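from the sequence below, what's the structure:
(one chain, ligands or ions: 1)
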Amino acid sequence: MTAATRPVLLEARDLGLARGGRQLFESLTLTCNSGDWIHLQGANGTGKTSLLRILAGLSRLGFEGEVSCMAELLYLGHHSAVKPLLTPRENLAMHLSGAIQRDAAAIDHALAAVDLYGYENRPCNSLSAGQQRRVNLARLYLSEAPLWLLDEPYTAIDVGGVQRLEARMAEHIADGGGIIMTSHQRVSQPGVSTVSLDEAASQHGAES
Ligand SMILES: Nc1ncnc2c1ncn2[C@@H]1O[C@H](COP(=O)(O)OP(=O)(O)OP(=O)(O)O)[C@@H](O)[C@H]1O
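Down below sits the predicted model:
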C-alpha cells in the first residue's frame with residue numbers, strides 16, 4: 001500500500017510554536033499515516049516535547065496551526081506517570097482516560113513483556129527508575145490505540161529493554177499502527193522517517 005492509500009491517523013499543518021518569547025519553529029507540516037514510524041529529532045529545547053503535547057491535544061500554549069487527529073491515540077510522556085503508592089498491577093488497571101482495564105491476565109502479560117515479572121504487587125515507589133518507566137511502557141502491550149505518541153521512551157531503559165521496546169513498536173507498525181516519537185538515541189529500525197526540529201528552526205529562523 002502506498003502512503004497515499006494508507007489511512008491518515010494524524011495530520012498537522014503549518015504548526016508554529018513560541019515559548020518564553022522565542023519562536024521555536026514555524027511552518028511545520030507533518031502527516032502520520034497507518035504504518036508510519038516518525039522520529040522527531042532536535043537539540044535540547046527545540047520543542048520536541050511541546051510538539052508532541054500539542055499533537056496529543058494536551059497543550060495549546062504558544063501554538064498556531066491545525067492538528068487533525070483521526071484515530072484514538074496513546075500518549076506516553078517522558079515522566080514515568082505511575083502512582084507511587086500503587087503497585088504495577090494497580091497502575092495498569094487504571095487508564096488516564098478513566099477507563100479500567102479489567103483483564104488481569106492481559107496486565108500480567110504486559111508486565112512480563114517488560115520484564116517486571118515478580119514485581120507486580122510491590123508499591124511502585126520501591127522500584128528503580130527504569131522499572132517505573134517499564135510500568136508505564138507496559139501500556140504499549142495493553143492499548144488498542146492505533147496512534148502512539150511517545151516522548152523519550154528509551155530513557156532509563158537498559159539495552160535489552162530498548163531492543164524489546166523496538167520490537168514491540170515494529171509489531172505495532174506491521175499491524176497498521178502509527179508512531180510519532182522523540183528520542184536523543186538512534187532508532188535502529190528500518191523504515192523510520194525523521195523530522196528534525198533543528199531544521200524546522202533554522203530554515204524559518206528560531207529567533208523572534
Ligand atoms: N511551561 C513552559 N513555559 C515556558 N517555556 C517553556 C515551558 N515548557 C517548555 N518551555 C520552553 O520551551 C522550549 C522547548 O521545550 P521542550 O521541552 O519542548 O524541548 P525539547 O526539545 O523536548 O527538549 P529536551 O530535548 O531537552 O527534552 C524550551 O526552551 C523550554 O525552556
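
quick one: the closest residue to residue 102 other than its chain neighbours from residue 41, how far?
Setting aside the residues directly before and after it, residue 102 is nearest to residue 93 in space (CB to CB, 6 or more residues apart in numbering), at 7.6 Å. Using the backbone N, CA and C atoms, a C-beta is placed for each residue, glycine as well. Distance, residue 93 to residue 41, by CB to CB, to the nearest Å: 35 Å.

which helix or strand in the protein has the lowest average pLDDT?
helix 197-204 (a mean of 68; mean pLDDT, DSSP states H and E).

does the residue nearest to residue 102 really touch residue 106, like I thought?
No: with contact defined as CB atoms under 8 Å, residue 93 does not reach residue 106; the gap is 10.2 Å.

the two - which one has more neighbours?
Shown here are residue 93 and residue 106; by other CB atoms under 10 Å, residue 93 has more neighbours (17 against 13).

ok, now which ones touch that one?
Residues in contact with residue 93, defined by CB atoms under 8 Å, 6 or more residues apart in numbering, are 100-102, 107.

per-residue pLDDT of it, please?
Residue 93 is assigned a predicted lDDT (pLDDT) of 91.

with the one 3 residues further on instead?
Confidence at residue 96, expressed as pLDDT, is 60.

grab the nearest non-local neighbour of the residue nearest the centre of the chain.
Centroid-nearest residue in the chain: residue 150, 0.9 Å away (criterion: CA atoms, centre = their mean). Take residue 150 and drop its neighbours on the chain: the residue closest to it by CB to CB, 6+ apart is residue 181, 4.1 Å away.

re the thing from before, can you give me phi and psi for the residue nearest to the centre of the chain?
Dihedral pair for residue 150: phi -120, psi 120, per degrees, to the nearest 10.

my guess is it contacts residue 187, does it?
No: using CB under 8 Å as the test, residue 150 is too far from residue 187 to be in contact (10.7 Å).

what's the overlap in contacts for the two?
residue 181.

and the nearest residue to residue 201 once chain neighbours are set aside, what is it in contact with?
Among residues not flanking residue 201 along the chain, residue 25 sits closest, at 5.1 Å (CB to CB, 6+ apart). By CB under 8 Å, 6+ apart, the contact list for residue 25 reads 15-17, 46-47, 51, 197, 200-201, 204, 206.

ok so, going back, quick one: pLDDT of the residue nearest to the centre of the chain?
97.

wait, what's in contact with it?
75-76, 179-182.

give the buried residues for the longest helix along the chain.
Determined from DSSP state H, the single longest helix within the chain is helix 159-174. Going by neighbour count (16 or more other CB atoms under 10 Å), the buried part of helix 159-174 is 161-162, 164-166, 168-170, 172-173.

okay, those residues in TSV with distance to residue 57 and pLDDT next?
Below are the buried residues of helix 159-174 laid out as TSV (distance: CB to CB, whole Å; pLDDT from 0 to 100):
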residue	distance to residue 57	pLDDT
161	29	94
162	28	94
164	29	95
165	24	95
166	26	95
168	24	97
169	22	97
170	26	97
172	20	97
173	22	97
